[in-house]
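1. Next come a sequence and a model predicted from it.
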Amino acid sequence: EKGTYPHFMLKEIDEQPFVMRKIIQEYQDEQDNIKLDSNIRQAMMDTDRVYIIAAGTSYHAGLVGKQFIEKIANVPVEVHIASEFSYNMPLLSEKPLFVFISQSGETADSRSVLVRIKELGHPALTITNVPGSTLSREANYTLHLHAGPEIAVASTKAYTAQIAVLAILAVDTAKAKGLDLEFDPLKELGIAASVMESLTDQKEAFEKIAKEYFSETRNAFFIGRGMDYFVVQEAALKLKEISYIQAEGFAGGELKHGTIALIEDGTPVVALSTQENVNYSIRGNVQEVAARGANTCIISLEGLEQESDTFVLPHVHDLLTPLVSVVPMQLLAYYAALHRDCDVDKPRNLAKSVTVE
Ligand code: M6R
């Protein structure tokens, strides 16, 4: 039920802090340690390479998950779009572990990969919001997202739930491997939840930005580097899916290799800057497009901000910035679609779960 909300999407955006807290609760034992199926732990210990398979928003969460698993648990990861993997399987490592990320657990493109890798005898873990779904039943292991039903076609709370669960999985693996860790995911997720709440309490700010940048335009660009590059790809998908604005998420440094030719007077370019090591360079990219007439907007992280930034996100752990930086992106897409009179919850040509290949 939508309750007092005009759209499921807005309700689901607002639910994100609660989902974070629910995940903390579900994945925590009495001693405040991570609680996770020991078979999954073993599978993560046994593998020499994780293959993440997903589509759309879940694929974007996978890009962030790769960073966690590689940086925290020291296991190599490849992330593949399910429909590409099906028809063009890469050379596999000796002991692959397949991780399917799917809100619905019913995505046909992902299922066809699962069927194929099972024939080959490889183990599979499904991370899903629907235990009992096809991808969950057919995999060896399941991790539950605990996000509650997601009704809006545009995925929001499933994305942040996927990122949270992937962080927990990475830290659990690192601990099992005896790696020295300073990162306490359950504590940091709690902090991220509070920051998310402060952002969903400031909707007017994002409504104003959406109106200013997206009410008239036919196209839009989102740019970022590192972690922010993954989030801007999700930002662009969200905007195009519900507002029908042609939007792309680019790596800041890649613009000058072609895409900058598209920048005209007034083209909206939204930049994300939450990573210290690329703060300087992404700001350089913003200057390059501004010099060609782009209508630029910078959303940065506390500690990295400059005075002219449009919005500054409160500080969270470096690795968890996608959890908070995506919230403004979801709200920008929501308000852009609203201002353009689009059907927010049921955009044209799309189904909530894509059960055909
Ligand atoms: O249910 P899944 O997570 O497998 O769905 C994958 C994509 O179809 C889904 O994320 C889609 O891209 C969303 N509409 C994005 O908002």
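-> Yep, that arrived.
2. Stretch 131-151 and the ligand in contact?
-> No - contact of stretch 131-151 with the ligand (Cβ under 6 Å from any ligand atom) is absent, the minimum separation being 7.7 Å. All C-beta atoms are positioned from the backbone trio N, CA, C, and that covers glycine.
3. mind checking how far that stretch is from the chain centre?
-> Centroid separation for stretch 131-151 versus its chain: 18 Å, with Cα atoms, centre = their mean, to the nearest Å.
4. ok, now stretch 39-57?
-> Here stretch 39-57 is found 17 Å from its chain centre; the criterion is Cα atoms, centre = their mean.
5. average model confidence for that stretch?
-> Average pLDDT, stretch 39-57: 98.
6. Can you identify each of the helices in this structure by residue range?
-> When assigned using DSSP state H, the helices of the chain occupy the ranges 8-14, 16-26, 38-46, 56-73, 82-87, 108-119, 134-138, 157-176, 185-200, 203-214, 227-243, 276-290, 321-339.
7. could these go into a markdown table alongside mean neighbour count and distance to Phe100?
-> Shown next, in a markdown table, are these (neighbours: other Cβ atoms under 10 Å; distance: least, Cβ to Cβ, whole Å):
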| stretch | mean neighbour count | distance to Phe100 |
| --- | --- | --- |
| helix 8-14 | 23 | 22 |
| helix 16-26 | 20 | 18 |
| helix 38-46 | 16 | 13 |
| helix 56-73 | 23 | 9 |
| helix 82-87 | 18 | 8 |
| helix 108-119 | 19 | 5 |
| helix 134-138 | 18 | 5 |
| helix 157-176 | 26 | 11 |
| helix 185-200 | 20 | 21 |
| helix 203-214 | 17 | 32 |
| helix 227-243 | 25 | 18 |
| helix 276-290 | 17 | 30 |
| helix 321-339 | 26 | 20 |
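8. Turn those into TSV, columns for distance to Gly266.
-> Below are those laid out as TSV (distance: least, Cβ to Cβ, whole Å):
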stretch	distance to Gly266
helix 8-14	27
helix 16-26	32
helix 38-46	48
helix 56-73	28
helix 82-87	35
helix 108-119	37
helix 134-138	43
helix 157-176	30
helix 185-200	27
helix 203-214	10
helix 227-243	17
helix 276-290	11
helix 321-339	15
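9. quick one: which of those helices is nearest Glu305?
-> helix 276-290 (9.2 Å; Cβ to Cβ).
10. Packing partners of that closest one?
-> With contacts taken as 3 or more Cβ pairs under 8 Å, 6 or more residues apart in numbering; DSSP states H and E, helix 276-290 sits against strand 219-224, strand 268-273, strand 295-301.
11. Now find how far off-centre it is within its chain.
-> 22 Å.
12. can you give me the angle that helix makes with strand 219-224?
-> If you take axes from the mean of the first three to the mean of the last three Cα atoms, to 10 degrees, helix 276-290 sits at 150 degrees to strand 219-224.
13. Would you mind listing the outside residues contacting helix 276-290?
-> Contacts with helix 276-290, where a contact means Cβ atoms under 8 Å, 6 or more residues apart in numbering, come from 221, 223-226, 228, 252-253, 255-256, 260, 263, 267, 269, 271-273, 296, 298, 300, 303-304, 306, 318.
14. again, but for stretch 13-26
-> Stretch 13-26 is touched from outside by 5, 35, 144-148, 156-157, 160-161, 164-165, 168, 186, 189-190, 192-194, 196-197, 200, 323, 327, 330-331, 334, with contacts defined as Cβ under 8 Å, 6+ apart.
15. Show me what the mean pLDDT comes to for it.
-> In this model, stretch 13-26 has an average pLDDT of 98.
16. Please apply the same query to stretch 143-160.
-> 97.
17. quick one: contacts for the closest residue to Gly62 other than its chain neighbours?
-> For Gly62, ignoring the flanking residues on the chain, the nearest one in space by Cβ to Cβ, 6 or more residues apart in numbering is Ile52 at 4.0 Å. The neighbours of Ile52, taking Cβ under 8 Å, 6+ apart as the test, are 62, 65-66, 77-80, 99-101.
18. Same list, these, but as TSV with distance to Ser281 and pLDDT please.
-> Below are the contacts of Ile52 laid out as TSV (distance: Cβ to Cβ, whole Å; pLDDT from 0 to 100):
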residue	distance to Ser281	pLDDT
Gly62	25	98
Gly65	24	98
Lys66	21	98
Val77	25	98
Glu78	26	98
Val79	23	98
His80	28	98
Val99	31	98
Phe100	34	98
Ile101	29	98
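19. Can you flag which of those belong to strands?
-> Residues of the contacts of Ile52 located in strands (DSSP state E): 77-80, 99-101.
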